[in-house]
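Asker: Model the following, please.
(one chain, ligands or ions: 1)
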Amino acid sequence: MATATDRKASVATTARKGSLASSAVALTESGAVRSSTRYSDEEWRSFILQVEDSLSISNTSYPCPAIGSPAFAKTIDHTLLKLDARAVQFDDLCAEARRDGFATVCVRPQHVHKCVVDLKGSGIKVASVVGFHEGAQDLYYKMQETKQALQAGAEELDIVLNYEELKAGLFASVYNELATLRLQAPHPILLKLIIETSQLEHSEVIAACTMAAAAKFDFVKTSTGFNGHGAREEDVRLMVACCEKLAVGSKSGRKMQVKASGGIKTIEDAVKMLEAGASRLGTSGGVWIVKEGRESIEQSRGQPSVYERRGSRPALATRLFTDY
Ligand SMILES: O=C[C@H](O)COP(=O)(O)O
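Answerer: From the prediction side, this is the model:
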């Protein structure tokens, strides 16, 4: 049997090779979780420190799809997570997603079924949040929400990290949760880990990305939009650097992507996040953003903008376009 020292050496070797531990978690027939997380908290810490030491954060501008193009709209998860949202607002959300060609609509688990029905035949997917918005729910609760969302037809899950556990250094427990949810929602379901950057120090962002990559998540996502500041360029750049570092040397060469979310309200916000390396945007302002994009194209062609034709533009006073 391997000693703790042997295992530590193994972690160090793994880190040197730039690859990560694979899942050692299984669901038993009764649905209970049988876990043998491969590394101790200390061993995870050592690996995370090695990732941190070898990071290089780029200031370069990543390619951004042309404003107004279908590819630009496909970066947007059209999001409605307000607890008091009414059924008609989900109808509007889905109609807008069809019209503007967004990637997904992102809703709470109880609204997934309605949106799946509304979007039938459109090619637009439904994403469900899990553990929203605190992330502190226990694993059983998150598994129940995951089951509910998948059974209703969700194809993407935006899962809130238990960031209090991460901050407490309980890495093995965090990994166990993520690996269990990955097992419950295998590919091609896309998993995004909402790490809530407003609550994390620099080194904790790196730890969160490391946990997500180890558990084979597809994305790391900045924020819930319900706690602290939303997406910031510096956080996106740090997360992109982590994803690039963690992909190097991995057997599959698989690289996590970054979703920026929270407070993205304008075309300038959107472009800033995409140029920082995000490939998906979570926003309740998607309709405004693509409208602004079209506007800027019209203006560059010398045509009067729709707002100039109609009079002044209304202020963005609430979180949701369909509230107007
Ligand atoms: O996941 C997405 C966020 O909740 C959206 O936040 P937002 O309402 O500030 O755009």
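
Asker: Only C-alpha atoms from now on, for both contacts and neighbour counts.
Answerer: Noted.

Asker: How confident was the prediction at the nearest residue to residue 119 once chain neighbours are set aside?
Answerer: Leaving aside its chain neighbours, residue 119 sits nearest to residue 94 (6.2 Å; criterion: Cα to Cα, 6 or more residues apart in numbering). pLDDT recorded at residue 94 is 98.

Asker: near the ligand, which residues of the chain?
Answerer: Neighbours of the ligand within the chain, by Cα under 6 Å from any ligand atom: 79, 224-225, 261-264, 282-285, 319.

Asker: I'd like the mean pLDDT over the helix or strand hosting residue 296, please.
Answerer: Residue 296 is located in helix 286-300, with elements delineated by DSSP states H and E. Regarding helix 286-300, the rounded mean pLDDT is 90.

Asker: In contact with the residue positioned nearest the centre of the chain, which residues are there?
Answerer: Centroid check for the chain by Cα atoms, centre = their mean gives residue 221 as the closest residue, at 3.1 Å. Shown in contact with residue 221 (Cα atoms under 8 Å, 6 or more residues apart in numbering): 192-196, 258-261.

Asker: Counting by contacts, list what the helix or strand harbouring residue 78 packs against.
Answerer: Assessed by DSSP H and E, residue 78 sits inside strand 76-79. If contacts are counted by 3 or more Cα pairs under 8 Å, 6 or more residues apart in numbering; DSSP states H and E, strand 76-79 sits against helix 87-100, strand 104-107, strand 280-283, helix 286-300.

Asker: Show me what the third one is in contact with.
Answerer: So that's strand 280-283. Contacts for strand 280-283 (Cα under 8 Å, 6+ apart): 75-79, 258-265, 270, 273-274.

Asker: list the contacts for the closest residue to residue 175 other than its chain neighbours?
Answerer: Excluding the flanking residues, the one nearest residue 175 by Cα to Cα, 6+ apart is residue 211, at 5.8 Å. Residue 211 makes contacts with 171, 174-175, 178, as judged by Cα under 8 Å, 6+ apart.

Asker: buried residues in whichever helix or strand residue 144 is part of?
Answerer: For residue 144, the host element (DSSP H and E) is helix 139-152. Applying a neighbour-count criterion of 16 or more other Cα atoms under 10 Å, the buried positions in helix 139-152 are 139, 142-143, 145-150, 152.

Asker: all strands of the protein, in order?
Answerer: 25-27, 33-35, 76-79, 104-107, 125-130, 156-160, 190-194, 219-221, 257-261, 280-283 (DSSP state E).

Asker: low-confidence ranges in the protein?
Answerer: Along the chain, the model assigns pLDDT under 70 to residues 1-37, 249, 304-324.

Asker: sorry, back to before: TSV please, covering the contacts of residue 221 and showing neighbour count.
Answerer: Converted to TSV, the contacts of residue 221 look like this (neighbours: other Cα atoms under 10 Å):
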residue	neighbour count
192	26
193	28
194	31
195	26
196	30
258	28
259	28
260	31
261	29
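
Asker: ok, those residues vs the ligand, which is closest?
Answerer: residue 261 (4.9 Å; Cα to the nearest ligand atom).

Asker: For the residue nearest to that closest one when sequence neighbours are not counted, the count of nearby residues, please.
Answerer: Closest residue to residue 261 apart from its sequence neighbours, by Cα to Cα, 6+ apart: residue 282 at 4.3 Å. Close neighbours of residue 282, defined as other Cα atoms under 10 Å, add up to 28.

Asker: Can you name the residue of the stretch 51-200 of the chain nearest to the ligand?
Answerer: The minimum distance from the stretch 51-200 of the chain to the ligand, using Cα to the nearest ligand atom, falls at residue 79 (5.8 Å).

Asker: mind listing what that residue touches?
Answerer: When contacts are counted by Cα under 8 Å, 6+ apart, residue 79 is found next to 93, 105-107, 282-284.

Asker: from what I can see residue 105 touches residue 94, true?
Answerer: Yes: Residue 105 is in contact with residue 94 according to Cα atoms under 8 Å; the separation is 6.8 Å.

Asker: what is in contact with the two at once?
Answerer: Taking Cα under 8 Å, 6+ apart as the criterion, residue 105 and residue 94 both touch residue 115.

Asker: thinking again about what came up before, between the helix holding residue 296 and helix 87-100, how many degrees?
Answerer: 30 degrees (axes from the mean of the first three to the mean of the last three Cα atoms, to 10 degrees).
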